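K.L.:
next input, structure requested:
(one chain, ligands or ions: 1)
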Amino acid sequence: VIDIRKLYAQTGMFTYDPGFMSTAACQSAITYIDGDKGELLYRGYPIEQLAQKCNYMDTCYLLLNGELPNAAQKADFEDRVTKHTMVNEQMQFFLRGFRRDAHPMAVLTGLVGGLSAFYHDSTDINNPEHREISAIRLIAKMPTLVAMAYKYGKGEPYMYPQNNLSYAGNFLRMMFGTPCEDYKVNPVIEKAMDRIFILHADHEQNASTSTVRLCGSSGTNPFAAIAAGVACLWGPAHGGANEAALNMLYDIQKQGGVEKIGEFIKQVKDKNSGVKLMGFGHRVYKNYDPRAKLMQETCNEVLAAMGLEKDPLFALAKALEKIALEDEYFVSRKLYPNVDFYSGIVQRAIGIPVNLFTGIFALARTVGWIAQLNEMIADPEYKIGRPRQLYVGSPRRDVP
Ligand code: ACO
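P.N.:
The predicted structure follows:
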């Protein structure tokens, strides 16, 4: 690793690196990925162990504080989060400005940024106390906002949070409960939802996290920085891939299912087609994304619990994966399933509509964005982010 800053100070030389293929924009002690091994660690703990032994609240605490909580710390953290699950009643009027068929990510981008208008007591990103309370507020309110966006789209009444439920259970109730009846949280679905949250909680310097860091580096408030992350996540090359992956499976199914996989793969290999195998490939993983393995496991559990073991879409996804993993095109480029390949199938089985998948991702990633923002601001070397450019335009000229 070359610290190019010294070279820049001495010679004015800087690097040209579109897409940040080989530029580390920060040091970080939060998440480690070994792309060749297909390993993911949060604060040193393997994702498989966290998914097995911890829940999302433990994971949030870990990402924010560097250590897993003891029982008292966990109880205190959960208590603080649950005290902030409601949003200001004004939020629903803000929501009403949107068309009912608005994409939930458009709604979320607005609502999350809009939170800064309600918390004038915590908008100073350089103040650790402001950052701390904003973190709790954001983690607590994201499920409420995502569920509100969903209910609004359906024209159903919003469900207020119920704080004696788990984080995942409360979210499921706000999504699928109605004021007319008691909502019973299915423990298998609750566990699956919690696991989805854990698997999406952080992933080092991806596009949305880098966006949050860059946005926060200007000294903007934490809500605005997280809203920028939500906006970036929306794209199909990033968080929007789960939605795109499921739509791709639907398309293949419509065209004839498993028998049409060969034709689809042919299209993917044709560079002029513009078709990609969504949910495949990753900038860092050149091996199986460990989250995809865990997601496939969760898929099995959820589908079994719902009596959907023979789900044709899951069968199609597995057949597609098998064919792709044996195909020279994917093998030579080290393209493997990423987290988005199976997450859509799990979410669909839970009853989450396709256009809300990326909203769920944003909900879960909020803690990672905040942890990264905190780390950046606490770093004594922190400066406003300001990439350089290679100017290739016209030389100086005079207006005629
Ligand atoms: N389908 C077909 N070909 C692919 C795919 C894919 N999904 N992904 C990469 N390739 C090909 C590229 O065309 C390129 O081929 P070439 O060498 O012949 O030009 C080669 O593999 C290398 O790919 P790049 O695009 O250079 O890799 P990059 O690191 O820039 O892109 C990305 C990574 C954006 C994730 C890409 O793999 C992709 O678009 N995948 C599909 C979308 C997706 O699943 N995104 C989710 C990522 S995970 C997340 O954000 C949670």
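K.L.:
please count neighbours and contacts with C-alpha atoms only from this point.
P.N.:
Will do.
K.L.:
which residues touch residue 325?
P.N.:
Each residue near residue 325 by CA atoms under 8 Å, 6 or more residues apart in numbering is listed here: 331, 335, 336.
K.L.:
pLDDT at it, what is it?
P.N.:
Looking at residue 325, its pLDDT stands at 94.
K.L.:
go on, residue 263?
P.N.:
The per-residue pLDDT reported for residue 263 equals 95.
K.L.:
how about the residues of the stretch 201-350 of the chain near the ligand?
P.N.:
237-239, 241, 268, 276-283, 333, 338 (CA under 6 Å from any ligand atom).
K.L.:
before we move on, back to that, which of the contacts of residue 325 are buried?
P.N.:
Buried members of the contacts of residue 325, counted by 16 or more other CA atoms under 10 Å: 335, 336.
K.L.:
from the contacts of residue 325, which land in helices?
P.N.:
Judged by DSSP state H, the contacts of residue 325 include residue 331 as members of helices.
K.L.:
show the contacting residues for the closest residue to residue 98 other than its chain neighbours.
P.N.:
Spatially, and ignoring its direct neighbours in sequence, residue 98 is nearest to residue 107 (7.2 Å; CA to CA, 6 or more residues apart in numbering). Residues in contact with residue 107 (CA under 8 Å, 6+ apart) are 95, 98, 149.
K.L.:
so who does the nearest residue to residue 204 once chain neighbours are set aside touch?
P.N.:
Excluding the flanking residues, the one nearest residue 204 by CA to CA, 6+ apart is residue 31, at 5.4 Å. By CA under 8 Å, 6+ apart, the contact list for residue 31 reads 40, 41, 42, 43, 44, 202, 203, 204.
K.L.:
and which of the contacts of residue 325 is nearest the ligand?
P.N.:
Closest approach between these and the ligand, by CA to the nearest ligand atom: residue 335, at 6.4 Å.
K.L.:
that closest one and residue 280: what is the separation?
P.N.:
Here residue 335 is placed at a distance of 6 Å from residue 280 (CA to CA, to the nearest Å).
K.L.:
quickly list what's touching both of these two.
P.N.:
Counting by CA under 8 Å, 6+ apart, no residue touches both residue 335 and residue 280.
K.L.:
find the nearest non-adjacent residue to residue 40, please.
P.N.:
With CA to CA, 6+ apart as the criterion, residue 40 has its nearest non-adjacent residue at 4.7 Å, and that residue is residue 33.
K.L.:
gap between whichever strand or helix holds the one you found and the chain center?
P.N.:
For residue 33, the host element (DSSP states H and E) is strand 31-34. Its chain's C-alpha centre and that of strand 31-34 lie 16 Å apart, by CA atoms, centre = their mean, to the nearest Å.
K.L.:
where do the helices sit along the stretch 1-150 of the chain?
P.N.:
Under the criterion DSSP state H, counting those that start in this stretch, the stretch 1-150 of the chain carries helices at the ranges 4-11, 47-53, 56-65, 71-82, 90-96, 104-114, 128-154.
K.L.:
count residues in the vicinity of the closest residue to the ligand within the stretch 1-150 of the chain, would you?
P.N.:
Per CA to the nearest ligand atom, residue 19 is where the stretch 1-150 of the chain lies closest to the ligand, at 7.5 Å. Per other CA atoms under 10 Å, the neighbour tally for residue 19 reads 9.
K.L.:
likewise for residue 7?
P.N.:
Counted with other CA under 10 Å, the neighbours of residue 7 add up to 12.
K.L.:
just the strands from the stretch 201-350 of the chain, written as ranges.
P.N.:
In the stretch 201-350 of the chain, no strands are defined using DSSP state E, counting those that start in this stretch.
K.L.:
one step back: is the ligand within reach of the strand holding residue 33?
P.N.:
No - Strand 31-34 stays clear of the ligand (CA under 6 Å from any ligand atom), getting no nearer than 12.8 Å.
K.L.:
can you count the residues close to the closest residue to the ligand within the stretch 51-200 of the chain?
P.N.:
Scanning the stretch 51-200 of the chain for proximity to the ligand using CA to the nearest ligand atom identifies residue 200 as nearest, at 7.7 Å. A count of nearby residues for residue 200, using other CA under 10 Å, gives 21.
K.L.:
would you agree it is in contact with residue 367?
P.N.:
No - counting by CA atoms under 8 Å, residue 200 does not reach residue 367; the two are 9.6 Å apart.
K.L.:
ok, and for stretch 12-22, which residues are buried?
P.N.:
By 16+ other CA under 10 Å, stretch 12-22 has no buried positions at all.
K.L.:
just the endpoints, please. Distance across that stretch?
P.N.:
In stretch 12-22, first residue to last residue: 19 Å (CA to CA).
K.L.:
starting at the chain centroid, how far to it?
P.N.:
Taking CA atoms, centre = their mean, one finds stretch 12-22 lying 26 Å from the centre of the chain it belongs to.
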